[in-house]
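>>> Next input, structure requested:
(one chain, ligands or ions: 1)
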Amino acid sequence: MLRYTAMIGLAAAIVFAALPAQAQGTVKVGALLPMTGPQQSTGVQIAAAIRLYAAQHGDTVAGRKIQVIVKDDGAVAEASRRLAQELIVNEKVDVLAGFGVTPTAFAVSPLATEAKIPQIVMAAGTSSVTERSPYVVRTSFTLAQSSVIMAEWALKNGIRKVVSMVSDFAPGIDSENFFKEAFLKGGGEISQFIRIPLTNPDFAPFLQRARDARPDAVFIFVPSGQGGIFVRQFLERGLDKAGIKIIGPGDVTDDDLLNAMGDSVIGTVTAHMYSAYHPSPLNKDYVAAMRKANNLRPNFMSVGGYDGMHLVYAALAKTQGKTGGDALVAAMKGMAWESPRGPIAIDPDTRDIVQNVYMRRVEKVEGELYNVEFETFPAVKDPGKAKR
Ligand code: DHB
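Predicted structure coming up:
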């Protein structure tokens, strides 16, 4: 009996020794997301997509169990920084993820650098986010990616005079600047540059002024969740009746809000990286699974979460379960795969996402409003970096 026990012990020791030293224990992913407050829809969408990915792909990679810990930062930079610190010190997380807005991504980057752990940015869209730490890898988008393409499309389609209206924080400033540069270069005219406060935005007085300027279109960037208010006020002030179009990055015609905007938005053209109507088999499955599991239509924020999870799983598989920011980020660089949005890759030089940008028009399909893609700009890198 004694001998038998010893033999089992020996066998167990051999199995143990055969595993790489690092590849033991749980890999912890700390996700900082706005689960409450004005940016709540972003947190809800991303958390739902993270859960779906884990349910579909299991909770183990390269022999290591994956545990995701979601913390609500309310999209407040200081809260995000404090919660990230707690996750690093108390939970000993191996990966930080989420970041519903740029200020929270900015606030946490120094901690990711200090702790040498990956910071997977699943939502924030300001170009400079990836430059704040060598451990940032982005699976969302940049405003520059869609705003430049929007400007070029508008010029080709008879839009010459525009009023620019953006939410007054970093991604809004990016969208204003990148749109402006491309639109002016192509001979367009921008008669007003309006910046709207991020919290409790009231577009109405600015829309009145915009209407009086008689532009062909209003270029608008609002963060996810605010498109409904903007469109309601746009219609109330009669800008559509005055023949003024809405153009911009697709944040405004967010899949989360689109159906509630009403038929007046039919025909609105935007540039963006994801539509719930993207016609691929993978996306059809994704939309059906998100509806079934969460009773929601996935929006562009959700795919940042879904693909961010894929990135973590695929990187861990590549390192055979080894964690640490240097190994994981090296594994992530250059990775390419198919997302529900289409083919995507991580630029090995910038750690930013390379993806298709689609021109889309709001249409009614089977009784629902969708952004229907009609033109594809393939493999777009962030123009905010290409210049440097
Ligand atoms: C950001 C937030 C958003 O909700 C959005 O739609 C785009 C960008 C940001 O904070 O970077």
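
>>> just checking, Asp352 touches Lys381?
Yes - with contact defined as CB atoms under 8 Å, Asp352 reaches Lys381; the gap is 7.3 Å. Bear in mind the C-beta positions are built from the backbone N, C-alpha and C, glycine included.

>>> which residue does this structure bring closest to the ligand?
Going by CB to the nearest ligand atom, the ligand is nearest to Pro223 of the chain, at 3.0 Å.

>>> In contact with the nearest residue to that residue once chain neighbours are set aside, which residues?
Leaving aside its sequence neighbours, Pro223 sits nearest to Ser167 (CB to CB, 6 or more residues apart in numbering; 5.7 Å). Applying CB atoms under 8 Å, 6 or more residues apart in numbering, we find Ser167 in contact with Arg195, Ile196, Pro197, Leu198, Pro201, Phe221, Val222, Pro223, Gln226.

>>> need the residues of the stretch 151-300 of the chain near the ligand, please.
Pro171, Pro223, Ser224, Asp251 (CB under 6 Å from any ligand atom).

>>> Check these and tell me the two furthest apart.
Among those, the pair separated by the greatest distance (CB to CB) is Pro171 and Ser224, at 10.3 Å.

>>> Which residue of those two possesses the greater neighbour count?
Counted by other CB atoms under 10 Å, Pro171 and Ser224 do not tie: Pro171 has more neighbours, with 28 against 23.

>>> Give me the helices and strands touching the one helix or strand that one maps to, please.
Counting by DSSP states H and E, the element that carries Pro171 is helix 170-185. Counting contacts by 3 or more CB pairs under 8 Å, 6 or more residues apart in numbering; DSSP states H and E, helix 170-185 is packed against helix 102-115, helix 143-156, strand 161-167, strand 189-196, strand 217-221, helix 383-386.

>>> what separates Thr253 from Ser275, distance-wise?
For Thr253, the distance to Ser275 (CB to CB, to the nearest Å) stands at 9 Å.

>>> Between these two, which contacts overlap?
Arg360, Asn371.

>>> who's more crowded, Asp352 and Lys381?
Asp352 (26 against 18).

>>> isn't Ile173 right up against Val166?
Yes - assessed by CB under 8 Å, Ile173 is found in contact with Val166 at 7.0 Å.

>>> Which of the two has more residues huddled nearby?
Higher neighbour count among Ile173 and Val166: Val166, with 25 against 17, using other CB under 10 Å.

>>> picking up where we left off before, quick one: the contacts of Ser167 as CSV, columns for neighbour count and pLDDT too.
Output for those, formatted as CSV (neighbours: other CB atoms under 10 Å; pLDDT from 0 to 100):
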residue, neighbour count, pLDDT
Arg195, 16, 98
Ile196, 21, 97
Pro197, 10, 96
Leu198, 19, 95
Pro201, 19, 95
Phe221, 28, 98
Val222, 25, 98
Pro223, 26, 98
Gln226, 23, 97
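
>>> so the residue of the chain closest to the ligand, which of the three states?
coil (DSSP: H, G, I helix; E, B strand; the rest coil).

>>> contacting residues around it?
With CB under 8 Å, 6+ apart, Pro223 has these contacts: Gln39, Thr42, Val101, Ser167, Pro171, Gly172, Leu198, Asp251.

>>> Check those residues and tell me the two furthest apart.
Within those, Thr42 and Gly172 form the most distant pair, 15.3 Å apart (CB to CB).

>>> ok, the two, which is more surrounded?
Neighbour count, other CB under 10 Å: between Thr42 and Gly172, Thr42 has more, with 32 against 25.

>>> can you count the residues close to Asp263?
Other residues close to Asp263 by other CB under 10 Å number 9.

>>> now Gly30
24.

>>> Kindly report the same for Gly186.
Gly186 has 13 nearby residues by other CB under 10 Å.

>>> what does the one 5 residues further on give?
A count of nearby residues for Ser191, using other CB under 10 Å, gives 13.

>>> so what's the spatially closest residue to Gln192 that is not a sequence neighbour up against?
With CB to CB, 6+ apart as the criterion, Gln192 has its nearest non-adjacent residue at 4.6 Å, and that residue is Val163. Contact analysis of Val163 by CB under 8 Å, 6+ apart lists Ile190, Ser191, Gln192, Ile194, Ala210, Ala213, Pro215, Ala217, Val218, Phe219.

>>> What about the residues you listed, which one has the most neighbours?
Compared across the contacts of Val163, Phe219 has the highest neighbour count, 30 neighbours, by other CB under 10 Å.

>>> OK, contacts around that one?
Phe219 neighbours (CB under 8 Å, 6+ apart): Met150, Ala154, Val162, Val163, Ser164, Met165, Val166, Phe179, Phe183, Ile190, Ile247, Gly248.

>>> Likewise for Val136?
By CB under 8 Å, 6+ apart, the neighbours of Val136 are Ala105, Ser109, Ala112, Pro118, Gln119, Val121, Val129, Thr130, Arg351.

>>> Sort out which of those are buried, if you could.
Ala105, Ser109, Ala112, Pro118, Gln119, Val121, Val129, Thr130, Arg351 (16 or more other CB atoms under 10 Å).

>>> What ranges in this structure fall below the confidence cut-off?
Low-confidence segments of the chain (pLDDT under 70): 1-23, 386-388.

>>> redo that, cut-off 80
By pLDDT under 80, the weakly predicted segments of the chain are 1-24, 386-388.

>>> got the residue ranges for the helices in it?
Per DSSP state H, the chain carries helices over the ranges 2-18, 40-57, 77-89, 102-115, 143-156, 170-185, 204-212, 227-236, 258-261, 281-294, 300-318, 325-332, 383-386.
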